[in-house]
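> the following comprises the amino acid sequence and a computationally predicted model.
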Amino acid sequence: MYKIGVIGCGKIAQTRHLPEYALNPDVIIKGVYDLNGDRAKEIACQYHAKAYSSYEEMLQEPEIDAVSVCTANQTHAEIAIRALQAGKHVLCEKPMALTWQSCKKMAEEAKKQKKYLMIGHNQRFNRTHIRAKKLIQEGEIGDIITFKTNFSHAGPERWSIDSGKNIWFFDKKKSNLGVMADLGIHKTDLIQFLTDAKVIATTAFADTLDKKKATGEPIEVEDNAICIYRMSNGVVGTMTVSWSAYGKEDNSTVLYGTKGIMKIYTDEKYSLIIEKKNGEQVYYDIDQMQTNENQTESGVISAFVQSIKENKEPEISGFDALDSMKAIFASMESARTGETIEIQEDNL
C-alpha cells in the first residue's frame, strides 16, 4: 500500500487526482496541502487524511511514498525537485515547468535520485486515442501525410476552483504561458503519440485576442494559438488551441493518410471514424472525450501508481515530456519573432 500526498487542492486535484487515488486499491491518501488552509482541512476531512501546514512539512513525512503536484505553474519545478530530493516519486501536472532549464533540471533530478517523475498528459490514455494509434500502426489509413488537432473551449475562468477574471491562469508571473501551457501541451503530446514522431520545427501565432482581466485590460498571456508543426517523420500539420470558443468544446484530431482519413472525437456518437480511399466508412463507438463538465477516469493516476508498483519508468516520464515542452517553448519563440523555429536545445 502506497501513501500519497497531494500538494495543491484546486480543481484538477479535486476532480482527478484525489478521487482517482481514493479509488485505487494500492493507495492511501496520507496528506494534503493547499495555500488555502481551510480548503486543505476540508479536503483532508473528506479523504481521512492530514492537512499539512506547508508542502515542506509534508515532504518531511517519511511515510509518504509519492506526491501529486497540482499547484500553479510557477511552483511546479521547485516543489517537484524538492519532493524528489526528499525521496518521493512525483506526478506533476502539466505544463512541466516555466523554462526549458527548469524542465531539464526536473528530469535530471529524478534520474539522480532514482525516483519516478511523471507528467500528467492524460490525452494519450483515452481509449479512443489508444485504439487510433493501434489502427495507424496497422496501416488502416496508410502513411500519415498531414493532420489537424484542436482543443478549444471558453476558458479556465469558468472551471477553476477560484473562478472569475483574476484566476492565476491569467497571471503571467504564476502561469508564464496561457492557452499553450493549458491546452497546447496536451495536443502536442498527443500528436507525437499518434504519429510516433517528434516535432522538429514550428511556425506559430500566439496572442491575446479576447480575454480581459477584471480591470478590462487584456490578460497577460496568450488566449489563442495556431501552430504549424513539422514532424521528424516528414508529417506536417496544424495544432490550434483557444480559450475563446464560446460554444461546444472542440477537442478533436483528424489525420490524413495515403489510404484514408481518421477522424477522432469529431462526431457526437462515434469517437473514431475512418473514411477510406475507396469510399468505405468504418465507425467506432469507444468512449467520449473528457470535458470540463464531463470528467471521467483519466488513466494518469493508475499509470503512475502502477509504475511505482512495478518499479518501472512511467509512460510519460520527465524525459519523455521534454519533447512536448521543446515544441511549446519553440512555438512561443516563433510567435514572438515571426520566424519558423527549428527545434534544438541551444535555441530554447
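Structure's in. What do you need?

> next one: residue 90 from residue 236, what distance?
Residue 90 sits 35 Å away from residue 236, going by Cβ to Cβ, to the nearest Å. C-beta: built from backbone N, CA, C; applies to glycine.

> of the two, who's got more company?
Set side by side, residue 90 and residue 236 show more neighbours around residue 90, with 28 against 13, by other Cβ atoms under 10 Å.

> the more buried one: what secondary structure?
For residue 90, the secondary structure call by DSSP: H, G, I helix; E, B strand; the rest coil comes out as strand.

> can you check the pLDDT for it?
Residue 90 is assigned a predicted lDDT (pLDDT) of 98.

> does it touch residue 77 like I think?
No: Residue 90 is not in contact with residue 77 according to Cβ atoms under 8 Å; the separation is 10.9 Å.

> OK, contacts around residue 120?
When contacts are counted by Cβ atoms under 8 Å, 6 or more residues apart in numbering, residue 120 touches 91, 92, 93, 94, 298, 300, 316.

> would you quantify the distance from the residue nearest the centre of the chain to residue 186?
By Cα atoms, centre = their mean, the chain has its centre lying nearest to residue 121, at 3.6 Å. Plainly put, residue 121 is 6 Å away from residue 186 if you go by Cβ to Cβ.

> identify the contacts common to these two.
Taking Cβ under 8 Å, 6+ apart as the criterion, residue 121 and residue 186 both touch residue 94.

> sorry, back to before: Three-state assignment for the residue nearest to the centre of the chain, please.
State at residue 121, reduced to three classes by three-state DSSP: coil.

> quick check, pLDDT for it.
95.

> got phi/psi on it?
phi -90, psi 100 (degrees, to the nearest 10).

> that one contacts residue 185, doesn't it?
Yes: using Cβ under 8 Å, residue 121 is in contact with residue 185, at 7.1 Å.

> so what's in contact with those two at the same time?
Joint contacts of residue 121 and residue 185 (Cβ under 8 Å, 6+ apart) are 94, 324.

> so where's this protein uncertain?
Applying pLDDT under 70 to the chain picks out residues 160-165, 290-296, 345-348.

> the domain parsing of it - what is it?
Listed by automatic domain parsing, the domain ranges of the chain are 2-122+299-316, 123-290+325-347.

> ranking these by burial, who's on top?
domain 2-122+299-316 (a mean of 20; mean count of other Cβ atoms under 10 Å).

> and the end-to-end length of it?
Its first and final residues considered, domain 2-122+299-316 spans 20 Å by Cα to Cα, to the nearest Å.

> what ranges do the strands span in the stretch 151-300 of the chain?
199-207, 224-231, 236-242, 253-257, 260-264, 272-276, 281-284 (DSSP state E, counting those that start in this stretch).

> which of those sits closest to residue 154?
Of all those, strand 236-242 sits nearest to residue 154, with 9.1 Å by Cβ to Cβ.

> report the backbone C-alpha coordinates of the closest one in PDB.
Only the C-alpha atoms of strand 236-242 are listed here, as PDB (Å, rounded to 0.1, in the frame of the first residue of the first chain):
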ATOM      1  CA  VAL A 236       3.200  18.300 -41.300                       C
ATOM      2  CA  GLY A 237       0.000  19.600 -39.600                       C
ATOM      3  CA  THR A 238      -1.700  22.200 -37.500                       C
ATOM      4  CA  MET A 239      -2.300  22.500 -33.800                       C
ATOM      5  CA  THR A 240      -5.000  25.100 -32.800                       C
ATOM      6  CA  VAL A 241      -5.900  26.000 -29.300                       C
ATOM      7  CA  SER A 242      -8.200  28.600 -27.900                       C
END
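
> that one packs against which elements?
Other helices and strands packing on strand 236-242, by 3 or more Cβ pairs under 8 Å, 6 or more residues apart in numbering; DSSP states H and E, are strand 144-152, helix 185-195, strand 224-231.

> looking at these, which is nearest to residue 49?
Residue 49 sits nearest to helix 185-195 of all the helices and strands packed on strand 236-242, at 28.7 Å, using Cβ to Cβ.

> contacts for the closest one, please.
Around helix 185-195, the neighbours that count as contacts under Cβ under 8 Å, 6+ apart are 94-95, 121-124, 129, 132-133, 136, 144, 147, 149-151, 198-199, 229, 231, 233, 235, 237, 239, 241, 253, 255, 316, 321, 323-325, 327-328.

> of the contacts of residue 120, which is the nearest to residue 308?
residue 91 (9.7 Å).

> tell me the bridge partners for that closest one.
With DSSP bridges applied, residue 91 shows beta-bridge pairing to residue 68, residue 118.

> I'd guessed it sits against residue 302; true?
No: using Cβ under 8 Å, residue 91 is not in contact with residue 302, being 11.0 Å away.

> now distance to residue 108 too, for the strands of the stretch 151-300 of the chain, in a markdown table please.
Putting the strands of the stretch 151-300 of the chain into a markdown table (distance: least, Cβ to Cβ, whole Å) gives the following:
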| stretch | distance to residue 108 |
| --- | --- |
| strand 199-207 | 22 |
| strand 224-231 | 26 |
| strand 236-242 | 28 |
| strand 253-257 | 32 |
| strand 260-264 | 34 |
| strand 272-276 | 38 |
| strand 281-284 | 40 |
